[in-house]
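Colleague: Turn this into a structure:
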Amino acid sequence: MLREKKELIHRIAICIDAAVVGGAFLFAFILREYPDIEYLYLHSLPPLADYLPILLLVIPIWLFTLKAFGTYDSMREKRFGQIFWAIFEASITATLVFVTAGFMLKLDFLSRTFLIIFFATTIASLTLERWITLFLLQRVRRKGYNFRVVLIVGSGPRAERFAQVIDTHPEWGNRILGFLDDPEALGKTVGKWKVIDICDNLAHFLDENVVDEVVFITPRQWLDRVERYIKVCEKIGVKATLAIDFFDASIAKPVVKDVEGWPLLTFDSTPQDFFFLSLKRLLDLLGSTLGLLLLFPLLIIIAFAIKTTSSGPVFFRQTRCSLNGRTFEILKFRTMVIDAEKRLKELKKLNELEGPVFKIHNDPRITAVGSFLRKTSMDELPQLFNVLKGDMSLVGPRPPIPTEVEKYERWQRRRLSMRPGITCIHEVVARNNKDFNHWMKLDLEYIDNWSFTLDFKILARTVIAVLRGTGC
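Modeller: Residues are numbered from 1 along each chain as shown. Sure, this is the predicted structure:
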């Protein structure tokens, strides 16, 4: 019955969102064609009848991305900010997919102004809809309606902290019935609750009481016992949840996955959302392909300038470290004299950076053309080939050389846990900071807080930095 109720609510939410997206589409068309907007010298749109069939493409795209970004998951434990960002990121993705589909289908009559209005209106409408829903549900739950009864197995400090978290959020709609533990703890007070029965009586307790969910917050030594208790919940049909914070992993996040019937608990310290990582790779492919096509004349000019002003090859190739220490050959425009690597030893004492990296402001090995390329970051453009190949990403920690990695401290090696990029967070936040450890910490913060939106922000700030000529 609960599952059927959940499915019904889910379908109603999808229908409401379809109506909201369709309404935003019509509103954007009407606003774009509003008579008073003529002062913007915008041409008139085709008739509404020509635009309406596009809804058959728009609505499924938006509903799919909203579902992919988790906006149809339960909102009980979510903050409004989390809901808004999920809608915002889903709308950005849906817009990119729609624009790409429009380009492939040659929908030339689509107006850029209409798309901007539609994008903004859709985000505002969906956010308002979720806010109203969340507000009404929280009001209902605060008054004691639409709540779930939760029974906690275990009464230690972890179980008490969990109960306090639940208690401080009545809008989540969870009501704690009490705790179950061993006989010696029976009657013990845990916060504002008590141990009301023993664990071995779980089956009988569930027969006699209304319980929607049993949460197991027990010591790791109880794993064999917990298995028996979970089977009891399974047999009766009560939801069982196991707290898996058995191990003190401060960074790695526990993830449960299934491999051909084998449930595996994985602790991973890198982003693992397949959908978002696939979008990141799609952005890499589109960005590198378009970049190479649009910048091809510039690449030819730079290559000609390098070849005619100094002896040596146009490109500089060097072995770098990629994902988890894999090596690849990075491609850059040559900015130094031909024997630059041989002269490195005599310049080591002039290194201006701390740590295993080398950099000096006025490097005598840099050519005149190379100095300009470095200042404008154009020497990095050939790395678009590395991105296209899959060795690099548009955004990610910069790829180090193997000799640098050999000198890394153990905590610094975690920066290799994500595919390296042409640009990174310290390139736009702390490019002139000479503290190597600070660079490392920024890279690790990027990995820990990675999102599709963050990549867009870094790319945008990189473009600004390049236009300002604040390269090295």
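
Colleague: what helix or strand is the closest residue to Phe98 other than its chain neighbours on?
Modeller: Distance criterion C-beta to C-beta, 6 or more residues apart in numbering; nearest residue to Phe98, sequence neighbours excluded, is Ile61 at 5.5 Å. (C-beta placed from N, C-alpha, C; glycine too.) In the assignment (DSSP states H and E), Ile61 maps to helix 55-68.

Colleague: Now do the buried residues in that helix.
Modeller: When neighbours are counted by 16 or more other C-beta atoms under 10 Å, the buried residues of helix 55-68 are found to be Val58, Ile59, Ile61, Trp62, Leu63, Thr65, Leu66, Lys67, Ala68.

Colleague: after that helix, next one along is what?
Modeller: Beyond helix 55-68 on the C-terminal side, the first helix or strand identified by DSSP H and E is helix 80-104.

Colleague: what's next to that next one, contact-wise?
Modeller: Taking contacts as C-beta atoms under 8 Å, 6 or more residues apart in numbering, the residues outside helix 80-104 that touch it are 57-58, 61-62, 64-66, 68-71, 75, 110, 115, 119, 122-123, 126-127, 130-131, 134, 279, 451-453, 456.

Colleague: Among the residues you listed, name the buried ones.
Modeller: For the contacts of helix 80-104, a burial check counting by 16+ other C-beta under 10 Å picks out 58, 61-62, 65-66, 68-71, 75, 110, 115, 119, 122-123, 126-127, 130, 134, 279, 452.

Colleague: Where do the strands of the stretch 101-250 of the chain begin and end?
Modeller: Counting by DSSP state E, counting those that start in this stretch, the stretch 101-250 of the chain has strands at residues 148-153, 174-181, 189-190, 193-198, 213-216, 239-242.

Colleague: Next, format those as JSON lines and append distance to Pro364 and mean neighbour count.
Modeller: Rendered in JSON lines, the data for those read as follows (distance: least, C-beta to C-beta, whole Å; neighbours: other C-beta atoms under 10 Å):
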{"stretch": "strand 148-153", "distance to Pro364": "69", "mean neighbour count": "21"}
{"stretch": "strand 174-181", "distance to Pro364": "67", "mean neighbour count": "20"}
{"stretch": "strand 189-190", "distance to Pro364": "71", "mean neighbour count": "16"}
{"stretch": "strand 193-198", "distance to Pro364": "73", "mean neighbour count": "18"}
{"stretch": "strand 213-216", "distance to Pro364": "66", "mean neighbour count": "21"}
{"stretch": "strand 239-242", "distance to Pro364": "63", "mean neighbour count": "16"}
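
Colleague: name the helices or strands packed onto whichever strand or helix holds Val466?
Modeller: Val466 is part of helix 452-468, with elements assigned from DSSP H and E. Using 3 or more C-beta pairs under 8 Å, 6 or more residues apart in numbering; DSSP states H and E as the contact criterion, the elements in contact with helix 452-468 are helix 80-104, helix 274-309, strand 393-395, strand 421-423, helix 425-429.

Colleague: gap between the first one and the chain center?
Modeller: Looking back up the chat, that one is helix 80-104. Helix 80-104 sits 14 Å away from the centroid of its parent chain (C-alpha atoms, centre = their mean, to the nearest Å).

Colleague: Also the third one?
Modeller: On the basis of C-alpha atoms, centre = their mean, the separation between the geometric centre of strand 393-395 and that of its chain is 14 Å.

Colleague: what comes into contact with it?
Modeller: With C-beta under 8 Å, 6+ apart as the contact definition, strand 393-395 has outside contacts at 280-281, 283-284, 287-288, 387, 419-424, 454-455, 458-459.

Colleague: burial of the residue nearest to Lys307 when sequence neighbours are not counted, as a residue count?
Modeller: Using C-beta to C-beta, 6+ apart and skipping residues adjacent in sequence, the residue nearest Lys307 is Val314, 5.7 Å away. For Val314, the count of nearby residues is 14 (other C-beta atoms under 10 Å).

Colleague: residue contacts, Leu265?
Modeller: Leu265 makes contact with Ile244, Pro254, Val255, Val256 under the criterion C-beta under 8 Å, 6+ apart.

Colleague: hang on, it in a helix?
Modeller: No - note on Leu265: no helix contains this position according to DSSP: H, G, I helix; E, B strand; the rest coil, which reports strand.

Colleague: Tell me the pLDDT of it.
Modeller: Residue-level confidence at Leu265 comes out at 70, pLDDT.

Colleague: Could you do Phe205 as well?
Modeller: On the pLDDT scale, Phe205 is placed at 93.

Colleague: That one contacts Leu180, correct?
Modeller: Yes - the pair formed by Phe205 and Leu180 meets the contact definition of C-beta atoms under 8 Å, at 7.0 Å.

Colleague: Please enumerate the shared neighbours of these two.
Modeller: Between them, Phe205 and Leu180 have Leu151, Asp197 as joint contacts when contacts are counted by C-beta under 8 Å, 6+ apart.

Colleague: where in the stretch 251-400 of the chain is pLDDT low?
Modeller: 251-252, 257-261, 263-264, 340, 345-361 (pLDDT under 70).

Colleague: To what extent is Val255 buried, counted in neighbours?
Modeller: Applying the criterion other C-beta under 10 Å, we find 12 residues in the vicinity of Val255.

Colleague: Helix or strand: which one has it?
Modeller: Taking DSSP H and E as the criterion, Val255 maps to strand 253-259.

Colleague: The helix holding Ile61 vs helix 80-104, what angle?
Modeller: 140 degrees (axes from the mean of the first three to the mean of the last three C-alpha atoms, to 10 degrees).
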